[in-house]
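Asker: I'll drop the sequence and a predicted model, then ask my questions.
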Amino acid sequence: MAAYAALVSLTTTMDHIQKHPRLSISFDTNQMESIIEKVGFLLDFVENDTHGVISTQVEVLESQIASAAYAAEDKAVTTESDLVEDQIHGEDMDSVTKKVMAFKEESGSRDDMQPTYSMPTATTTASSSTTLITTDKNTMVGFDQQLIQLLDKLTGERSNRQIIPIVGMDGIGKTTLAKNAYGHSLIVHHFDIRTWVTISQKYNVRQLLLQLLSEKHSQIDNGIDEQLLGEKLYKRLWGRRYLIVIDDIWSIEAWDKVSRFFPNNDNGCRIVVTTRISNVATHFDSSLFELSFLDEDQSWDLFCKKTFGEAGCPLELEDTGKEIVKKCKGLPLAISLIGGLLGSLNSGDDENCSSILSLSYTYLSAHLKPCFLYMGIFPEDDEICVSQLIKLWVAEGFIKSNQSQSLEEIARGYLNDLIDRNLILKQLGTNGRIKFCKIHDLLRDLSLKVAQKDEFICVMEDIQRGVERGRRIVCNEKNQQAKYQSQVLHTLQLPSLARTSVTHMDGRLSNNRLMRVMSFNCGAKKKKLRRHIVDQVNMRYLAYNKRTRFLAVKLPSSIDVLWNLQTIIIRKNKIKAPSEIWEMRQLRHVDIYELQLPDPRQIGDQQQHEFVLQNLQTLKNVVNFVWSEEACKRVVNVRKLQIEYDSRSKSSNDYLLYNICHLHKLESLTCLPYTVHNVLQKLTFPSSLKKLYLVGSKVHWKDLTIIGSLPNLEVLNLDDVSAVEPVWNPVEGEFLRLKYLFISYTNLVQWNADSSHFPVLEKRFLTQMYKLEEVRLDIGEIPTLRFLQLLECSESAAIYAMRIAEEQENNGNKELQVRVVIDGKEKLESFLEKMKQSSDDHINFTRNNFQAMMF
């Protein structure tokens, strides 16, 4: 939704201007307050008054609101009127506000407004009526096991009323699974009453109750209210064994309004609920069916059944058919509709697929719509880095601030909402957090279709017209081909409205000085980088995402002209920053391959609020920096910090690392103290620390007590750490909250750790520990341990890992998985031979929880 995004972005910009010590005096206070008041009115309209209605009039209004907000923001960030006078046009804020007021007056109550899309029809079936299942429409492939489990739950011995949720994204097969169970002969004969109702996002309680009663309006007096209808339903169900399927429920509120009329007859009554929203499914506090995508074989089987029936696929069409199936990415809805289309040549099925998926977008809250549409900027099948996505959402101005959370925390909540609605697929990192995400191709197509229609995003699949009207320009990699490159560069220099560019070009971009997001999927060139730094006065996000040849760049002192810069990402470049960087108040994330920061100059108490980087959360990778008290005061809110000390550094005593303890919000610290000896004795950690990465250091194992005593530490990574002693004796009572432990390339020989030393450990990774003699069997007794991996460690340690797997399997521990990765074919064969010999002695070891593989 372009209007919402534009208004929130304008609000953020006005707030930044008001708080800026120099810019605020350039604006008329009354005029600014008037704009803020109008923006608030329009935001309220977009968020609350439209109710998801998609009428032509509303679409036009929202387009005009977006245009007015864009123009107002462009004017606000321009201090020189001649700079962009020819670029600023569109609706006036006063004019569009009057139009909205007139629309609200004319429309009156919003309750009588109906959406222009068609809603799914609700169906109700009792055991005596015709079955809902037809083999042609509900072919089920890949869910045989789930169907057996569902039938078992429906007919199980438990007498109390049970609720069985089925959850998954649109088109994954939730309804099909429920229908196949609903019409199964076992279920038909087991229940006295079977009723099916589809709720969807917009519902009418009275209509739902009528459907549950299997009665039409004409059979019921219109004067009977919801309460009486509910009581009638309760009496009809009382004492009888019933099955109710509630299909496509979107909210707990809908459940609460009808569930009180479902009696618990203590005779095996069941209620099946299908939903695309994970939070709704987990509300019922019962084991749920979470459906996943079909694999390659299952997808092909379903396609053949839908397209060719019992005849099967002709040999000459098999290669083409498999290419079609591959593009569906395991989504049953897409496979079924395309298969049905090819089998019947009914072109309506293709639109039906898009229509079903679009319901999820239609019913999204206003604040989630721009975030979903923005997913279209990423290439098909791309693994999207969550931290990068969140930074982009914030820079684009999609995130509405509140008093209790940072913008990034709010944005992560938005992401979780989209994941809960199964619009985005999550991928967990090794520490259990959502590190990457993906979007299914069909949902990406939907986002692009809507985004390009609204001129929210323009993706250049090839050279096309209309790009000059795009607010956000995305240039795909395939346009880098020689025959396109000159045309693409020319086209990218045309847009006057563009404020975002995501491109694979080398940085030769337009002279548009109002760009706010520039993301280059290439390396930085010295000349281009310096130009972007001094030219783009409205820049919020600047990223060179690819690592190329190493370059040293000294940023100009005029960098502070980028008063609104939030994020700067530069890979494989050594950047020397001027002292003016300490005055860039909006900085949130600085991620540079090698950053040389100057010492901040001393400031008086009266100036301190002007020069503290209150918003700075990420600072990477700062080289040979002195952590004076003044420096710590300037970055007091930093959460993620990476520091490095190399051979060019001065005496290790001069870095004042003990002052880092003053960073009370620091959660993640990466330290590469290559030339700092006994770093653990010089570095003082804040108690807030959750993640610690220590790379390339010489330590005493006994000094790890300093780390072990950190009360909130959850992740510890010791990489290339050489210890003075070959033996580590952990101390009981330490590492009480540690969940993930990574140790690599150390000279550790004996590690006397047992289950009492890491009481809540979940994952443990040991890499290239060639001298390690054993892994104590007691480690397997840690109740929370789920994964143990040894990569290129000694053979004796690998054998101990296998014994841990064996012992835990014999003890009934089905949760722990053990993996051994061995370097080289010969070493792997030697290890497998010893495993084989061991199996003769331990015939009960199935190795279901153990895996040995070659690196």
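Answerer: Great, that's in hand.

Asker: distance of residue 331 from residue 249?
Answerer: Taking CB to CB, to the nearest Å as the measure, residue 331 falls 21 Å from residue 249. Any C-beta I mention is one placed from the backbone N, CA and C, and that applies to glycine too.

Asker: pLDDT weak spots in the stretch 301-450 of the chain?
Answerer: 310, 316, 333, 336-356, 359, 430-431 (pLDDT under 70).

Asker: swap in 90 and give it another go.
Answerer: When residues are selected by pLDDT under 90, those of the stretch 301-450 of the chain lie in 301-366, 376-383, 400-405, 417, 419-435, 438-450.

Asker: can you map out the helices along it?
Answerer: Remark: helices assigned in the stretch 301-450 of the chain by DSSP state H, counting those that start in this stretch are 318-327, 332-344, 348-362, 369-373, 386-396, 407-420, 441-453.

Asker: can you tell which of these is closest to residue 562?
Answerer: helix 386-396 (12.3 Å; CB to CB).

Asker: for that closest one, list every residue counted as buried.
Answerer: For helix 386-396, burial by neighbour count (16 or more other CB atoms under 10 Å) applies to 386, 388-396.

Asker: distance to residue 834 added to the residues you listed, as CSV?
Answerer: Converted to CSV, the buried residues of helix 386-396 look like this (distance: CB to CB, whole Å):
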residue, distance to residue 834
386, 42
388, 45
389, 46
390, 48
391, 49
392, 51
393, 52
394, 54
395, 55
396, 57
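
Asker: is residue 242 bridged to anything, and to what?
Answerer: Under DSSP bridges, the beta-bridge partners of residue 242 are residue 193.

Asker: tell me how many other residues crowd it.
Answerer: Residues within reach of residue 242, counting by other CB atoms under 10 Å, total 25.

Asker: quick one: the strands in the stretch 151-300 of the chain, in order.
Answerer: In the stretch 151-300 of the chain, the strands defined using DSSP state E, counting those that start in this stretch lie at 162-167, 193-198, 242-247, 270-275, 289-290.

Asker: if we can go back for a sec, most tightly surrounded among the helices of the stretch 301-450 of the chain?
Answerer: helix 369-373 (a mean of 25; mean count of other CB atoms under 10 Å).

Asker: mind giving me the packing neighbours of that one?
Answerer: helix 2-19, helix 407-420, helix 441-453 (3 or more CB pairs under 8 Å, 6 or more residues apart in numbering; DSSP states H and E).

Asker: again, 6 Å this time
Answerer: Judged by 3 or more CB pairs under 6 Å, 6 or more residues apart in numbering; DSSP states H and E, helix 369-373 is in contact with helix 441-453.

Asker: elements contacting the helix it packs on?
Answerer: Against helix 441-453 (3+ CB pairs under 6 Å, 6+ apart) you get helix 348-362, helix 369-373.

Asker: may I have that helix as CSV, with CA atoms only?
Answerer: Output in CSV follows, covering the C-alpha atoms of helix 441-453 (Å, rounded to 0.1, in the frame of the first residue of the first chain):
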residue,chain,number,x,y,z
ASP,A,441,7.4,-17.7,-6.5
LEU,A,442,3.6,-17.4,-6.8
LEU,A,443,3.4,-15.0,-3.9
ARG,A,444,6.4,-13.0,-5.3
ASP,A,445,4.5,-12.8,-8.6
LEU,A,446,1.5,-11.5,-6.7
SER,A,447,3.6,-8.8,-4.9
LEU,A,448,5.1,-7.6,-8.2
LYS,A,449,1.7,-7.6,-9.9
VAL,A,450,0.2,-5.3,-7.2
ALA,A,451,3.4,-3.2,-6.7
GLN,A,452,3.8,-2.5,-10.4
LYS,A,453,0.2,-1.6,-10.8
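
Asker: so what's the gap between it and the chain middle?
Answerer: Computed by CA atoms, centre = their mean, to the nearest Å, the separation of helix 441-453 from the middle of its chain amounts to 18 Å.

Asker: what sits up against that helix?
Answerer: Contact with helix 441-453 is made by 329, 334, 357-358, 372-373, 375-376, 380, 457, 459, as judged by CB atoms under 6 Å, 6 or more residues apart in numbering.

Asker: repeat that for stretch 165-174.
Answerer: Contacts to stretch 165-174, defined as CB under 6 Å, 6+ apart, come from residues 143, 273-276, 278, 281, 284, 288-291, 331-333, 356-357, 360, 422.

Asker: gap between that stretch and the chain center?
Answerer: Taking CA atoms, centre = their mean, one finds the center of stretch 165-174 at 19 Å from the center of the full chain.

Asker: list the buried ones in it?
Answerer: Of the residues in stretch 165-174, 165-174 count as buried by neighbour count, 16+ other CB under 10 Å.

Asker: what do you get for stretch 755-769?
Answerer: 755, 757-759, 761-769.

Asker: pull up the distance across it, start to finish.
Answerer: End-to-end span of stretch 755-769 (CA to CA, to the nearest Å): 21 Å.

Asker: how about stretch 42-62?
Answerer: Stretch 42-62 has an end-to-end distance of 9 Å (criterion: CA to CA).

Asker: which residues touch residue 793?
Answerer: Counting by CB under 6 Å, 6+ apart, residue 793 makes contact with 766, 769, 772.

Asker: that one belongs to a helix?
Answerer: No - counting by DSSP: H, G, I helix; E, B strand; the rest coil, one finds residue 793 to be coil, located in no helix.

Asker: can you flag which of the buried residues of stretch 165-174 belong to helices?
Answerer: When the buried residues of stretch 165-174 are checked against helices (DSSP state H), the matches are residue 174.

Asker: same list (the buried residues of stretch 165-174) but as JSON lines, adding pLDDT and distance to residue 831.
Answerer: Formatted as JSON lines, those follow (pLDDT from 0 to 100; distance: CB to CB, whole Å):
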{"residue": "165", "pLDDT": "92", "distance to residue 831": "44"}
{"residue": "166", "pLDDT": "91", "distance to residue 831": "43"}
{"residue": "167", "pLDDT": "88", "distance to residue 831": "42"}
{"residue": "168", "pLDDT": "84", "distance to residue 831": "40"}
{"residue": "169", "pLDDT": "77", "distance to residue 831": "41"}
{"residue": "170", "pLDDT": "75", "distance to residue 831": "46"}
{"residue": "171", "pLDDT": "74", "distance to residue 831": "45"}
{"residue": "172", "pLDDT": "78", "distance to residue 831": "41"}
{"residue": "173", "pLDDT": "81", "distance to residue 831": "42"}
{"residue": "174", "pLDDT": "86", "distance to residue 831": "44"}
